[in-house]
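> Sequence and predicted model, in that order:
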Amino acid sequence: MAFGDAPPSITNVSLRVQAGEFVSLIGPSGCGKSTLLRLIAGLLETTSGSLRVSQLTPAAARKDAVRTAFVFQDPTLLPWRSVVENIRLPLELLRVPPDRHADLISRSLHLIGLRDEDCGKRPRNLSGGMRMRVSLARALVTDPQLLLLDEPFAALDDMLRQQLNEELVRIWSERGWTGLFVTHNVAEAVFLSQRIVIMSSRPGTIAADVRVPFPYPRTTELRGTAEFARLTADVSRQLREAAT
């Protein structure tokens, strides 16, 4: 992928993600992690080569496209809409029958753990963590098969970030979507993922593909184990090597 006459942002990327996998992308700043995510989402087109998002389930084969949702680093909520109205937006854009909205929104709110008293609030009346919860609920309301997350927790404090990591793992375990998660936080990638894909410095390519052996469900106690520390240190070492 190249932008105009500039050198390629990413090059010679060869990556396969299986249906139902949770994969994190890490790499030095500017290596093309977010660009790769936008290519997968269809927000950009490759300059050369090919990219294919296959049908992820037998049921999906009867439909025109894989249901995909994107969660950005900024919650990107509409300031004039309430929590419920922001979550409803994808249903309106996809022209889901209005009589289904209430049930789908309620299900999404329950998944994310939003309280009834927050539903009528505007984004300005919510904390940063609550705004990100609403953004995630909005992405999940369409029951996506592919969820793309571009550093969604980067601006949050560490305690809240860890809490949302645990909730994201729980939701993925329950719903079974395929997840691609961009992060700069190695410990976050280790905690969340089945695989960690390490990208090299620009032009970005795949420098390493690390399997994470820890079983699910994963709880906060995992972060305190020697095995977690060893893998985090090893991935950090490989990241430093990829950045040189």
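Perfect, thanks for sending it.
> center of the protein - which residue?
By C-alpha atoms, centre = their mean, the chain has its centre lying nearest to residue 149, at 2.1 Å.
> Settle this for me: that one is touching residue 172, isn't it.
No. In this structure residue 149 lies outside contact range of residue 172 using C-beta atoms under 8 Å: 10.5 Å. (C-beta placed from N, C-alpha, C; glycine too.)
> Return every residue with contacts to both of the two.
Residues touching both residue 149 and residue 172 (C-beta atoms under 8 Å, 6 or more residues apart in numbering) are residue 179.
> in which helix or strand would I find residue 196?
For residue 196, the host element (DSSP states H and E) is strand 195-199.
> quick one: which helix or strand includes the residue nearest to the centre of the chain?
strand 146-150.
> likewise residue 130?
helix 128-140.
> and that helix, how far out from the chain's middle?
Relative to its chain's centre, helix 128-140 lies at 12 Å (C-alpha atoms, centre = their mean, to the nearest Å).
> so what secondary structure elements neighbour it?
Applying 3 or more C-beta pairs under 8 Å, 6 or more residues apart in numbering; DSSP states H and E, one finds that helix 128-140 contacts strand 68-71, helix 83-93, helix 101-112, helix 158-175.
> per-domain residue ranges of this structure.
The record, using automatic domain parsing to delimit domains, assigns the chain the ranges 1-67+144-244, 76-143.
> ends of the last one, how far apart?
End-to-end distance for domain 76-143, by C-alpha to C-alpha, to the nearest Å: 19 Å.
> now it: mean pLDDT?
The average pLDDT within domain 76-143 is 91.
> Please state the offset of that domain from the chain centre?
That offset, for domain 76-143, works out to 17 Å (C-alpha atoms, centre = their mean).
> hang on, the earlier thing: just name the most buried of the helices and strands packed on helix 128-140.
strand 68-71 (a mean of 20; mean count of other C-beta atoms under 10 Å).
> which residues touch that strand?
With C-beta under 8 Å, 6+ apart as the criterion, strand 68-71 contacts 37, 41-43, 53, 90, 135-136, 139-140, 142, 144-150, 152.
> Tell me the buried residues within those.
Among the contacts of strand 68-71, the ones that count as buried by 16 or more other C-beta atoms under 10 Å are 37, 41, 90, 135-136, 139-140, 142, 144-150, 152.
> Can you tell me which of the residues you listed comes closest to residue 15?
residue 37 (11.6 Å; C-beta to C-beta).
> can you pull the contacts of the closest one?
Residue 37 neighbours (C-beta under 8 Å, 6+ apart): 25, 70, 148, 150, 180, 182.
> between those, which is closest to residue 199?
Nearest member of those to residue 199, counting by C-beta to C-beta, is residue 25, at 6.4 Å.
> what residues are up against that closest one?
Contact partners of residue 25, counting by C-beta under 8 Å, 6+ apart, are 33, 36-37, 180-183, 197, 199.
> Mind giving me the ChimeraX select for those residues, buried ones only?
A single ChimeraX command is used to select the members of the contacts of residue 25 judged buried by 16+ other C-beta under 10 Å:
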select :33,36,37,180,181,182,183,197,199
